[in-house]
Structure formats: structure tokens, C-alpha cells
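*Asks:* Below is the sequence, then the predicted model.
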Amino acid sequence: MGSFSKNDTIKILASIALVVVIVLALRIAIVRATGVSSPIVVVKGTSMLPTLYYGDLVIVHRVPPDKIHVGDIIVYRSEYRGELVIHRVIKIVHAPQCKPLCYITKGDNNLVSDAGFLEPSYGISYSKVIGVVYTVHFKANGREIKAPLRIPYIGLLVLLTR
């Protein structure tokens, strides 16, 4: 095995520095575009099967409370469990404790909603919502389809390192 010359070492270090700068620039651009400090979230668990799978990566973006609709998939910080949850909005609630709105959510693979189980009975306050999962729209067999943008399996690497 040969050793690296001074020029080779400088080129390697410059390449590594360039990759780091590009990755940081992309992260800053994504954070600015989404309005979320951590816009990439790893799916844990099976509550959203068959829509989202364990280890999928999803990208979330911040929207005003009135732009979250029934059927949207949101990411929120669970009041009871203290961790992020990715579930679908099944109902929107106006109540005194909601600032300004609350959302009743449910995992696609769950039999019951999160209200009173994972969350307060009135739902998740907008202040706990991290963002809405990006969706893609396309036509298949003449039907309009809306599906969450997910990157399969990559999140498994993140989960393995925790």
C-alpha cells in the first residue's frame, strides 16, 4: 500500500469539506422551505400501515392551523408519551383548550382514535403539531391519488444507531 502525497491529502480533505458544506446548505434550504427545524422524521411502529412503514422517512412542513384538513397526516409531540407521533387527522375540533384548533387523530392501522388514549379527549392542540407530511398527487387508472411522500428503509439506519 502506498502513502498519500501532500497534494492527495489536500484534495481528499477539500472533497470532504465540500460534501459537508453541500449537506449543511441542503439542510438549511430544507429547513427554510418547510418552516420546521427538523423536517425529516423517521416512522417508528406499525400504526400507519399500510400507508407508512417502520423505517420510512417522511418530510414535514409547517402550515397554518386552518390549512390542516381531515385526511392529512400530521406529526405531533405526544403530551402523554413525550415522543413524536405520525397519525392521520380524522376530525377538527373547536374547544376552549384548543389554541386555536385541535385535531383528533388515528393511525390507519389502529382501531380507535388517539383521543383519550394517546392524547387528551379534545385532541391535539395546534401548538403540539410539528407539521404536515408532504404528499404527492398523481393519476392512476383515471383516478386522482394523494399519497404521502416517503423514502423507504433509510430510516432504519437512523433507528439502528439510536
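*Replies:* All right, it came through fine. Numbers count the residues shown, from 1 in each chain.
*Asks:* okay, CA-based contacts and neighbour counts for the rest of this
*Replies:* Will do.
*Asks:* how about the lowest-mean-pLDDT helix or strand in the chain: buried residues?
*Replies:* Taking mean pLDDT, DSSP states H and E as the measure, helix 154-161 is the helix or strand of the chain with the lowest mean score, a mean of 79. Neighbour-count burial for helix 154-161, counted by 16 or more other CA atoms under 10 Å, picks out 155-156.
*Asks:* and the next element down the chain from the biggest helix by length in the chain?
*Replies:* Ranked by residue count, the top helix of the chain under DSSP state H comes out as helix 6-34. On the C-terminal side of helix 6-34, the nearest following helix or strand under DSSP states H and E is strand 40-42.
*Asks:* any idea of the mean pLDDT in that next one?
*Replies:* Here the mean pLDDT over strand 40-42 is 91, rounded to a whole number.
*Asks:* That one packs against which elements?
*Replies:* Counting contacts by 3 or more CA pairs under 8 Å, 6 or more residues apart in numbering; DSSP states H and E, the secondary-structure elements packed against strand 40-42 are strand 57-61, helix 154-161.
*Asks:* partner strands of it, parallel or antiparallel?
*Replies:* Partner strands for strand 40-42, per DSSP bridges, with pairing direction: strand 57-61 (antiparallel).
*Asks:* Just the angle for the strand it pairs with relative to helix 6-34, thanks.
*Replies:* Here strand 57-61 points in a direction 50 degrees away from that of helix 6-34 (axes from the mean of the first three to the mean of the last three CA atoms, to 10 degrees).
*Asks:* quick one: buried residues of strand 57-61?
*Replies:* Buried residues in strand 57-61 (16+ other CA under 10 Å): 57-61.
*Asks:* Need the CA coordinates for that strand. PDB is fine.
*Replies:* Included here for strand 57-61 are C-alpha records, laid out as PDB according to Å, rounded to 0.1, in the frame of the first residue of the first chain:
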ATOM      1  CA  LEU A  57     -38.500   8.800   6.200                       C
ATOM      2  CA  VAL A  58     -41.200  11.500   5.700                       C
ATOM      3  CA  ILE A  59     -40.700  15.200   5.200                       C
ATOM      4  CA  VAL A  60     -43.000  17.500   7.100                       C
ATOM      5  CA  HIS A  61     -43.800  21.200   6.500                       C
END
